[in-house]
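Participant: After the sequence you'll find the predicted model.
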Amino acid sequence: MRAPAFWWRPPGVLSALLAPLGAIYGVVAAARLKAGGSRARLPVICVGDPTLGGAGKTPTALALAKLLLAAGERPCFITRGYGGRERGPLRVDPAAQAADDVGDEALLLARTAPAVVAADRVAGARLALSTKPSVLVLDDNFQNPALVKDFSLLVIDGESGAGNGRVFPAGPLRAPLAAQLEQAQALVCIGKGQAGAAIAALAAKKNIPSFAARIVPDAAAARKLAGRRVLAFAGIGRPEKFFRTLAEIGAETAERRAFPDHHAYSPREAEELLAAANRENLLLVTTEKDQVRFARTPELAALHAASIALPIVLEFDDAPALMRRLSGALRR
């Protein structure tokens, strides 16, 4: 799905027309947030996104898992496996499964720690026990009450925040922002911006701590791309953020192609990308999330071979403070 542009602008005629539907959706979603669920045998940490716009939830989950590993914990991810056909529960095996099977995010998560795909999160938690974890990390699932969370982080983009502040379909929010903040124990704000600062201020009034973070491109890959003329393509929630990162590292983006989030590339699209790059002698550059999507597809092998990914990581400004909060949840 590609987020409509009006979601990220001040409320206008279209969002006003859809506001009644958003109000109904918001009431149902807010009630669902308060519903009871099953408790796992281990601590459960949830990384969620209050919007449908791609704030950086999966990079945050990966960064969080690395902090837990450094602290001697054994995290196991549980994810829905969006974009894959498997409903699970099953353990992710990157050597045997493709994005069509388990989704692109699950493959990325499995590079850092064991990952389980499960539409039924309770069943996923049971299967996760086979990996002998000490903590379960939910990538998404904040709005799903099936599994009780011990600690929930809401991830927002500092620049876009909650968009026009309205609930789907009138805006990007999955539920009213206030109702979501009531279920959160911390806020992670990626990048700077007035929109993110406003949400952090609202969280502070509810005694919810905010942690600043930033997306950092891999230094070695950035050096190789500096000064190169590239054709950049991305099928993520906010492709413009990827294009901006390329500009910041000094790459010359001669052409850019934006696709919907979790986009399944077709052989024809792959041929068009390759032909466009060859015509102008451009280097094809994409995201890691995109590249894992066509890594094991024979029809897209040429695109995979010709393109390079720019890896990124999320860094917290005050990781020790966040770990102190998490440690309290783990002890409980």
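Facilitator: Structure's in. What do you need? Numbering: from 1, shown residues only.

Participant: can I assume residue 52 is in contact with residue 172?
Facilitator: Yes - between residue 52 and residue 172 there is a contact at 5.0 Å, judged by Cβ atoms under 8 Å. The way it works is simple: take the backbone N, C-alpha and C, and place the C-beta from them, glycine included.

Participant: which one of those two has more residues nearby?
Facilitator: residue 172 (27 against 19; other Cβ atoms under 10 Å).

Participant: Show the pLDDT at that one.
Facilitator: Here, the pLDDT recorded for residue 172 equals 96.

Participant: re earlier: need the residues touching each of residue 52 and residue 172.
Facilitator: Residues touching both residue 52 and residue 172 (Cβ atoms under 8 Å, 6 or more residues apart in numbering): 3, 7.

Participant: Helices along the stretch 1-150 of the chain, start to end?
Facilitator: When assigned using DSSP state H, counting those that start in this stretch, the helices of the stretch 1-150 of the chain occupy the ranges 13-33, 57-70, 99-102, 104-109, 121-128.

Participant: So which elements touch the last one?
Facilitator: Helices and strands in packing contact with helix 121-128 are listed as strand 75-79, strand 115-117, strand 135-139; criterion 3 or more Cβ pairs under 8 Å, 6 or more residues apart in numbering; DSSP states H and E.

Participant: Pick the most buried one from those strands.
Facilitator: strand 115-117 (a mean of 30; mean count of other Cβ atoms under 10 Å).

Participant: What helices and strands are in contact with that one?
Facilitator: strand 75-79, strand 90-91, helix 104-109, helix 121-128.

Participant: Partner strands of it and their direction?
Facilitator: strand 75-79 (parallel), strand 90-91 (antiparallel) (DSSP bridges).

Participant: quick revisit: closest one to residue 33 among the helices and strands packed on strand 115-117?
Facilitator: Taking Cβ to Cβ, helix 121-128 is the member of these nearest to residue 33, at 14.7 Å.

Participant: List of residues touching that closest one?
Facilitator: Looking at helix 121-128 with Cβ under 8 Å, 6+ apart, the contacting residues turn out to be 37-38, 40-42, 44, 76, 78, 88-91, 114, 116-118, 136, 138, 141, 144, 146-147.

Participant: Repeat that for stretch 221-235.
Facilitator: Against stretch 221-235 from outside (Cβ under 8 Å, 6+ apart): 242-243, 246, 249-263, 265, 273, 276-277, 280-287, 289-290, 293, 307-311.

Participant: switch to 7 Å and redo it
Facilitator: 242-243, 246, 249-263, 273, 276-277, 282-287, 290, 310-311 (Cβ atoms under 7 Å, 6 or more residues apart in numbering).

Participant: Out of these, which sit inside helices?
Facilitator: 242, 243, 246, 273, 276, 277, 290 (DSSP state H).

Participant: what bridges to the nearest residue to the first one once chain neighbours are set aside?
Facilitator: Distances taken as Cβ to Cβ, 6 or more residues apart in numbering place residue 234 nearest to residue 242, at 4.5 Å, with adjacent residues excluded. According to DSSP bridges, the residues that bridge with residue 234 are residue 258.

Participant: May I ask you to confirm that residue 230 belongs to a strand?
Facilitator: Yes - assigned with DSSP: H, G, I helix; E, B strand; the rest coil, residue 230 falls within a strand.

Participant: Compare the helices and strands packed on helix 121-128 and give me the one nearest residue 162.
Facilitator: strand 135-139 (20.6 Å).

Participant: The helix or strand just after the closest one pairs with which strands?
Facilitator: Beyond strand 135-139 on the C-terminal side, the first helix or strand identified by DSSP states H and E is strand 151-157. Paired with strand 151-157 in the same sheet, following DSSP bridges, are strand 44-48 (parallel), strand 186-190 (parallel).

Participant: Render the CA-only coordinates of strand 151-157 in PDB, please.
Facilitator: Only the C-alpha atoms of strand 151-157 are listed here, as PDB (Å, rounded to 0.1, in the frame of the first residue of the first chain):
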ATOM      1  CA  PHE A 151       6.800  -3.000  27.600                       C
ATOM      2  CA  SER A 152       5.600  -1.200  24.400                       C
ATOM      3  CA  LEU A 153       7.500   1.400  22.400                       C
ATOM      4  CA  LEU A 154       5.800   3.500  19.900                       C
ATOM      5  CA  VAL A 155       8.000   4.600  17.000                       C
ATOM      6  CA  ILE A 156       7.400   7.900  15.200                       C
ATOM      7  CA  ASP A 157       9.100   9.800  12.500                       C
END
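
Participant: contacting residues around residue 114?
Facilitator: So residue 114 contacts 76, 91, 131, 133 (Cβ under 7 Å, 6+ apart).

Participant: which of these has the most neighbours?
Facilitator: residue 76 (25 neighbours).

Participant: any idea how far it lies from residue 50?
Facilitator: 24 Å (Cβ to Cβ, to the nearest Å).

Participant: do residue 56 as well
Facilitator: 12 Å.

Participant: and what of residue 328?
Facilitator: 23 Å.

Participant: Right, I'll leave it there.
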